[in-house]
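Trainee: no sequence on this one, just coordinates:
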Ligand code: DGJ
């Protein structure tokens, strides 16, 4: 496909002396690549894989703080440190105000430097497009947009005052956001198609209205009291089995206006529809240039929190079907999990085969929740927030100060075999806390039950650590790799499979490299509770190879 250069200049690439060279290079540029040629998702129920360079890639991710990617120098300071901490993919903001500082003048130099530094460090990137909205508000929009409320109107609070939230009802704002995002994706294609350092892109961040459940501008009032679009009604009728329980039980498919169809949920669903429409069109514009996987993330409601306290209309489970109807260009919806019930949210976002990727999670719980995410929820990527604030890792000794680095070091050793094991159902994971509702948790795999409890001291039996976690990956009949920390694990024969008596044949502590197992210690005696318990040590993350035996009941 020949590029339309008249359009390119009309859209405002800054004219530079080297522009002729760029034009000539551009003439040889390939047409929009097909998704199969670039990072893409290979979907399967419950175990979607991200394919990079033709192979499944496991994202051991970390998201940067919000003000950590605004200069080139920050790339040089931060990325080498993260690479040493076993992170393989960094989620970094790309601010609209940074790439389009004056309307129509685009500057990708800082982003390019980050991409180049990531390549030097053998890291991948996931870009977070902080465009019209970031955590509901519009603080990353360029000042030329902020200063012009006629062209870029705000959502209006019930008292008539404008909020610092760009309206979802403005065509002008949609066009400007979509154009900037499209040019960002075009630039990525030109700059990164060959190396594919950038794997995916998040569009906007934790959108929704804060301060009310919906925009109260005169236009929003008019639309709210008008008909629900036919396309949405038809979609919901056809997919009613998938509606969130809160909607399924109260919606009236025969109604016309938003309040008549959605009753009490109408303000939030109306809001979700308009955000999703805007985001879907921005995503589509980007994909028309470079069709990387594109997703959105949600701020999750706290228990009993009202819409408007949390961003109303974001892509959280109540609104899943609204987003699916309005924004088919999105590849998946993602949760930012800061609440303690990590497992619950992960399960909600695995519903209806939504590919599971966790772009943000609590940093202090990351070293534990990661084992659940990859082992139990079979995610292709997990990424605690604020990783650039973790202590530096310059040596193995430093890893004791950075538990996430320890966890990722173990998961990295499994990364070559994890995706296939996930897909074949040969992984399990769990996480336990001092305040968990039950002191033990059991998973079943390969005919065995693995029952884990938090590790305790001997002989006092006090808890050695408040949190513990593990991943179990079956490598052969009766053989398992177990990675994790601070657990005592007993095994028994699964009574629903063969029953009988089970025991531990051997346990070794070690590592994997180039597909081979290297034994550091053969464990027994006190390190195995005299052969009765597999012990994952506290304050360290270890990988064990365990062989079990079962004497079958006849
Ligand atoms: C969720 C947001 O998506 C992040 O950008 C950040 O603001 C964290 N919350 C909190 O620090």
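Mentor: Perfect, thanks for sending it. In this text, all values refer to a predicted model and were calculated from it rather than measured experimentally.

Trainee: can you list the residues of this protein near the ligand?
Mentor: Proximity of the chain to the ligand, by C-beta under 6 Å from any ligand atom, involves residues 66, 135, 205-206, 336, 360, 385. Heads up, the C-betas are built off the backbone N, CA and C, glycines and all.

Trainee: quick one, helices of the stretch 151-300 of the chain?
Mentor: Remark: helices assigned in the stretch 151-300 of the chain by DSSP state H, counting those that start in this stretch are 171-192, 218-224, 230-238, 245-248, 258-262, 266-287.

Trainee: any idea which of those helices scores lowest on pLDDT?
Mentor: Ranked by mean pLDDT, the helices of the stretch 151-300 of the chain end with helix 245-248 at the bottom, a mean of 89.

Trainee: Not counting its own residues, what contacts it?
Mentor: 240, 262, 265, 269, 318, 321 (C-beta atoms under 8 Å, 6 or more residues apart in numbering).

Trainee: Name the residues of that helix that are buried.
Mentor: Within helix 245-248, the residues scored as buried using 16 or more other C-beta atoms under 10 Å are 246-247.

Trainee: For the protein, give the strand that spans the most residues.
Mentor: In the chain, assigned by DSSP state E, the strand with the most residues is strand 501-513.

Trainee: Show residues contacting that one.
Mentor: Contacts to strand 501-513, defined as C-beta under 8 Å, 6+ apart, come from residues 413-414, 448, 478, 481, 491-493, 517-524, 528, 531-532, 534, 542-551.

Trainee: Would you report which members of those are assigned to strands?
Mentor: Taking DSSP E as the definition of strands, the contacts of strand 501-513 contribute 448, 481, 491-493, 517-523, 534, 542-551.

Trainee: among those residues, which ones are buried?
Mentor: Buried among these (16+ other C-beta under 10 Å): 448, 481, 491-493, 523, 534, 542-546, 548, 550.

Trainee: now these as CSV including pLDDT?
Mentor: Shown next, in CSV, are those (pLDDT from 0 to 100):
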residue, pLDDT
448, 97
481, 99
491, 98
492, 96
493, 95
523, 98
534, 98
542, 98
543, 98
544, 98
545, 98
546, 98
548, 98
550, 93
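
Trainee: re the thing from before, buried subset of the contacts of helix 245-248?
Mentor: By 16+ other C-beta under 10 Å, the contacts of helix 245-248 give 262, 265, 269, 318, 321 as buried.

Trainee: Out of the residues you listed, flag the one nearest to residue 128.
Mentor: Of all the buried ones among the contacts of helix 245-248, the one sitting nearest residue 128 is residue 318; the distance, using C-beta to C-beta, is 23.2 Å.

Trainee: you'd agree the closest one is in a strand?
Mentor: No: Residue 318 sits outside any strand when classified using DSSP: H, G, I helix; E, B strand; the rest coil, being helix.

Trainee: ok, the residue nearest to it when sequence neighbours are not counted - how many residues close by?
Mentor: Take residue 318 and drop its neighbours on the chain: the residue closest to it by C-beta to C-beta, 6 or more residues apart in numbering is residue 244, 4.7 Å away. A count of neighbours around residue 244, defined by other C-beta atoms under 10 Å, yields 18.

Trainee: residues touching residue 244, list them.
Mentor: Residue 244 makes contacts with 317-321, as judged by C-beta under 8 Å, 6+ apart.

Trainee: export those residues to JSON lines and tack on pLDDT?
Mentor: JSON lines is the format used below for the contacts of residue 244 (pLDDT from 0 to 100):
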{"residue": "317", "pLDDT": "95"}
{"residue": "318", "pLDDT": "95"}
{"residue": "319", "pLDDT": "97"}
{"residue": "320", "pLDDT": "97"}
{"residue": "321", "pLDDT": "97"}
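
Trainee: Closest one to residue 365 out of those residues, please.
Mentor: residue 317 (20.8 Å).

Trainee: these two touch, right, the closest one and residue 352?
Mentor: No: contact criterion C-beta atoms under 8 Å: residue 317 and residue 352 do not qualify, at 10.2 Å.

Trainee: Among these two, which residue is more densely surrounded?
Mentor: Between residue 317 and residue 352, counted using other C-beta under 10 Å, the more crowded position is residue 317 (19 against 12).

Trainee: Contacts only, for the more buried one.
Mentor: Contacts for residue 317 were tallied using C-beta under 8 Å, 6+ apart; they are 244, 348-349, 351.

Trainee: Can you list which of those are found in helices?
Mentor: residue 348 (DSSP state H).

Trainee: Give me the angle between the longest strand of the chain and strand 516-523.
Mentor: Interaxial angle, strand 501-513 versus strand 516-523 (axes from the mean of the first three to the mean of the last three C-alpha atoms, to 10 degrees): 130 degrees.

Trainee: Residue 217 reaches residue 165, doesn't it?
Mentor: No: between residue 217 and residue 165 there is no contact under C-beta under 8 Å: 11.0 Å.

Trainee: quick one: common contacting residues for the two?
Mentor: residue 155.

Trainee: Can you name the residue of the stretch 151-300 of the chain that approaches the ligand most closely?
Mentor: Proximity of the stretch 151-300 of the chain to the ligand (C-beta to the nearest ligand atom) peaks at residue 206, 4.5 Å away.

Trainee: Quick check: that residue vs residue 354, distance?
Mentor: In this structure, residue 206 and residue 354 are 17 Å apart, going by C-beta to C-beta, to the nearest Å.

Trainee: and the two? which has more neighbours close in?
Mentor: In this view residue 206 and residue 354 are compared by other C-beta under 10 Å, and residue 206 has more residues nearby, 23 against 20.

Trainee: follow-up on the earlier one: nearest to the ligand, of the contacts of residue 317?
Mentor: Among the contacts of residue 317, residue 349 lies closest to the ligand (C-beta to the nearest ligand atom), at 15.2 Å.

Trainee: Could you report the separation of the closest residue to that closest one other than its chain neighbours from the ligand?
Mentor: Spatial nearest neighbour of residue 349, chain neighbours left out: residue 335 (4.7 Å); criterion: C-beta to C-beta, 6+ apart. Going from residue 335 to the ligand by C-beta to the nearest ligand atom, to the nearest Å gives 11 Å.

Trainee: if I've got this straight, residue 335 is in a helix?
Mentor: No: per three-state DSSP, residue 335 lies outside any helix segment and is strand.

Trainee: what are the bridge partners for it, then?
Mentor: As for beta bridges, residue 335 partners with residue 298 under DSSP bridges.

Trainee: and it, how many residues sit next to it?
Mentor: Neighbours of residue 335 under the rule other C-beta under 10 Å: 26.

Trainee: can you check the one 10 residues further on too?
Mentor: Number of residues near residue 345 (other C-beta under 10 Å) recorded here: 21.

Trainee: How about the one 4 residues further on?
Mentor: When neighbours are defined as other C-beta under 10 Å, residue 349 has 26 of them.

Trainee: One more: residue 320?
Mentor: Residue 320 has 23 neighbours, counted by other C-beta under 10 Å.

Trainee: and it, what does it touch?
Mentor: Contacts of residue 320 were listed using C-beta under 8 Å, 6+ apart, and they are 242, 244, 333, 351-352, 354.

Trainee: okay, those residues in TSV with pLDDT next?
Mentor: Output for the contacts of residue 320, formatted as TSV (pLDDT from 0 to 100):
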residue	pLDDT
242	95
244	94
333	98
351	91
352	90
354	97
